[in-house]
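> Sharing a model that was predicted from the sequence below.
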Amino acid sequence: MTDPMLIKPELTEYHWALYACGHLLDLTSEPHPPVGLYRDEQSATLHGLQMWPATFTVVDLHKDDRS
């Protein structure tokens, strides 16, 4: 990162992943990575609703870490 105004993200802060789920519409049969990582569930859900209202899912990446 060459721009001094951009801070490298701390990936451990991002607990939520947004997936587009194209497989629900038979658009793909291959697994795909998340389209975005978020610090809070609400932001991930709102982005998913705006982009793919019926075919997205939000996953808690740290769910197994919690007891």
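In hand now; what should we look at? Numbers count the residues shown, from 1 in each chain.
> For this protein, give me the ranges with low pLDDT.
Applying pLDDT under 70 to the chain flags the ranges 1, 64-67.
> which stretches of it form strands?
16-19, 36-38, 57-60 (DSSP state E).
> These: which one's closest to P4?
strand 36-38 (23.1 Å; Cβ to Cβ). For every residue, glycine as well, the C-beta is placed using N, CA and C.
> what's the closest one packed up against?
Judged by 3 or more Cβ pairs under 8 Å, 6 or more residues apart in numbering; DSSP states H and E, strand 36-38 is in contact with strand 16-19, helix 41-51.
> Give me the contacts around the last one.
By that I understand helix 41-51. H15, W16, A17, L18, A20, V35, G36, Y38, F56, T57, V58, D60 (Cβ atoms under 8 Å, 6 or more residues apart in numbering).
> which one of the helices and strands packed on strand 36-38 is the most hemmed in?
Ranked by mean neighbour count under mean count of other Cβ atoms under 10 Å, the helices and strands packed on strand 36-38 are led by strand 16-19, which reaches a mean of 20.
> any idea how far that strand is from the chain center?
Centre-to-centre, strand 16-19 and its host chain are 2 Å apart (Cα atoms, centre = their mean, to the nearest Å).
> strands paired with it, and their directions?
strand 36-38 (antiparallel), strand 57-60 (antiparallel) (DSSP bridges).
> Switch these over to JSON lines, and while doing so, append mean neighbour count to every line.
Output for the strands paired with strand 16-19, formatted as JSON lines (neighbours: other Cβ atoms under 10 Å):
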{"stretch": "strand 36-38", "mean neighbour count": "18"}
{"stretch": "strand 57-60", "mean neighbour count": "16"}
